[in-house]
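Q: No sequence on hand, only this structure:
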């Protein structure tokens, strides 16, 4: 795959061309969404004329936590031991894909002074400010600590850190050092508004802002399939979806994780395979944020029931795009599933994505001009 060219820089951002830019994000997470948002952002910035690379921070403790999660990603299931080779293969594919990304020289995550020099640094996207992230939570570097170049945020998120809890004064003080701030969800926007007394820009996730082009969609020989992305779905959802698929003789293909109620497991899919499978599906069922993003990118019918961890970012994306009907709940009947998995996506949703792309491009242009 390669990334589509971004919207051209405005005159206000013309000074950005050829300048060096480091992107600070979770670029080594063994997670499809984390991989694609990092890749799309750095390639999108390159298409805009920046000499952009991902800042290649390392931590042995974080690496161990990441690999443990990758090899045992779901709650215990009977088949988990037999799935270990597939999860290991998936992990190897991710590790190989990481090395193909445009990377800076490696440096310890707690020693940012050892990174290369850059003209500007962009922090985001992903949950870079999530106080509750199991291994990146409260990492000072993502709040700008130790960064020598001027820095801005793009599509940063607090994840499942609820706005009602606020932000401690120390971290609010760190955010004040950003030259420009943008977030990707209303929950994060409310946290920044309360902490800084001003509204940050609301922008698109990099996968929606700089869409990856598909190199060809995989199609099942039996006439299509339903892509399933996520794990630990509630029984009320799995029952509805399985009955819907069986009635149409449409196989459910579970991508990246075991879901016993799917017809086929594609646990070992790497990042490229994930994108191809999502593009080739007749429809998508997901409880992950980037499952929704890739359904939107490919204009596929979809439905989602986000996990509590992902609730804020999925809900806020659906609201921003006027796609709230795609979130299902336990009290909905089978007719809702039939509509969401068969009817074309509302044209107004794509119109809102286009409008937010313009707004996001304007933010990037202005932010990069500000730190030149």
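A: Perfect, thanks for sending it. Nothing here was measured: the structure is a model prediction, and the numbers come from that model. Numbering: from 1, shown residues only.
Q: Identify all contacting residues around the helix or strand harbouring residue 254.
A: Element membership for residue 254 (DSSP states H and E) is strand 252-255. Identification of contacts with strand 252-255 by Cβ atoms under 8 Å, 6 or more residues apart in numbering yields 220, 225-229, 241-242, 245, 259, 261-267, 269, 273-274, 277-278, 281, 285. C-beta: built from backbone N, CA, C; applies to glycine.
Q: Give me the distance from the next helix or strand after it to the chain's centre.
A: Remark: after strand 252-255, the chain's next helix or strand is strand 264-266, criterion DSSP H and E. In terms of Cα atoms, centre = their mean, to the nearest Å, the gap separating the centre of strand 264-266 from the centre of its chain is 22 Å.
Q: So which bits of strand 264-266 are buried?
A: Buried residues in strand 264-266, counted by 16 or more other Cβ atoms under 10 Å: 265, 266.
Q: And for stretch 230-243?
A: Quick answer for stretch 230-243 (16+ other Cβ under 10 Å): 230, 231, 233, 237, 238, 240, 241, 242.
Q: before we move on, back to that, what subset of the contacts of strand 252-255 is buried?
A: Buried members of the contacts of strand 252-255, scored by 16+ other Cβ under 10 Å, are 220, 225-229, 241-242, 245, 259, 262-263, 265-267, 269, 273-274, 277-278, 281, 285.
Q: now, which of the residues you listed lie within helices?
A: Mapping the buried ones among the contacts of strand 252-255 onto helices (DSSP state H) picks out 241, 242, 245, 273, 274, 277, 278.
Q: which residues does the nearest residue to the second one once chain neighbours are set aside contact?
A: Going back to what we said before, that points to residue 242. Excluding the flanking residues, the one nearest residue 242 by Cβ to Cβ, 6 or more residues apart in numbering is residue 261, at 5.2 Å. Residue 261 makes contact with 233, 238, 241, 242, 252 under the criterion Cβ under 8 Å, 6+ apart.
Q: Now do the fourth one against residue 24, distance only.
A: Between residue 242 and residue 24 the distance, using Cβ to Cβ, to the nearest Å, works out to 41 Å.
Q: Likewise for the second one?
A: Residue 238 is 38 Å from residue 24, where distance means Cβ to Cβ.
Q: which residues in this structure form helices?
A: 32-47, 60-71, 80-99, 169-175, 186-196, 206-209, 235-247, 271-280, 289-297, 311-320, 334-342, 347-370.
Q: by contact count, what packs against the third one?
A: Same thing as helix 80-99. Counting contacts by 3 or more Cβ pairs under 8 Å, 6 or more residues apart in numbering; DSSP states H and E, helix 80-99 packs against helix 32-47, helix 60-71, helix 271-280.
Q: I would like the residues contacting that helix, please.
A: Against helix 80-99 from outside (Cβ under 8 Å, 6+ apart): 27-28, 30, 35, 67, 70-74, 77, 256, 258, 265, 267-273.
Q: go again using 7 Å as the cut-off
A: Helix 80-99 has contacts (Cβ atoms under 7 Å, 6 or more residues apart in numbering) with 28, 30, 35, 67, 70-73, 256, 258, 267-271.
Q: Check which residues of that helix are buried.
A: Buried, per 16+ other Cβ under 10 Å, within helix 80-99: 83, 86, 87, 90, 91, 93, 94, 98.
Q: Same check on the last one?
A: When burial is assessed from 16+ other Cβ under 10 Å, helix 347-370 yields the following buried residues: 349, 353, 356-357, 360-365, 367-369.
Q: Likewise for the fourth one?
A: In terms of neighbour count (16+ other Cβ under 10 Å), helix 169-175 has its buried residues at 171, 172, 174, 175.
Q: can I get the helices of the chain in a markdown table with distance to residue 106 and mean pLDDT?
A: Output for the helices of the chain, formatted as a markdown table (distance: least, Cβ to Cβ, whole Å; pLDDT from 0 to 100):
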| stretch | distance to residue 106 | mean pLDDT |
| --- | --- | --- |
| helix 32-47 | 15 | 97 |
| helix 60-71 | 12 | 94 |
| helix 80-99 | 11 | 93 |
| helix 169-175 | 24 | 97 |
| helix 186-196 | 29 | 97 |
| helix 206-209 | 22 | 98 |
| helix 235-247 | 41 | 97 |
| helix 271-280 | 20 | 96 |
| helix 289-297 | 26 | 97 |
| helix 311-320 | 29 | 96 |
| helix 334-342 | 44 | 96 |
| helix 347-370 | 25 | 96 |
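Q: between the ones you listed, which gets nearest to residue 108?
A: Of all these, helix 60-71 sits nearest to residue 108, with 9.2 Å by Cβ to Cβ.
Q: Which neighbouring elements make contact with that closest one?
A: Secondary-structure packing of helix 60-71 (3 or more Cβ pairs under 7 Å, 6 or more residues apart in numbering; DSSP states H and E): helix 80-99.
Q: now the angle from the helix it packs on to helix 60-71?
A: Here the directions of helix 80-99 and helix 60-71 differ by 130 degrees (axes from the mean of the first three to the mean of the last three Cα atoms, to 10 degrees).
Q: and the direction of helix 80-99 versus that of helix 271-280, what angle?
A: Going by the same axes, to 10 degrees, helix 80-99 makes 100 degrees with helix 271-280.
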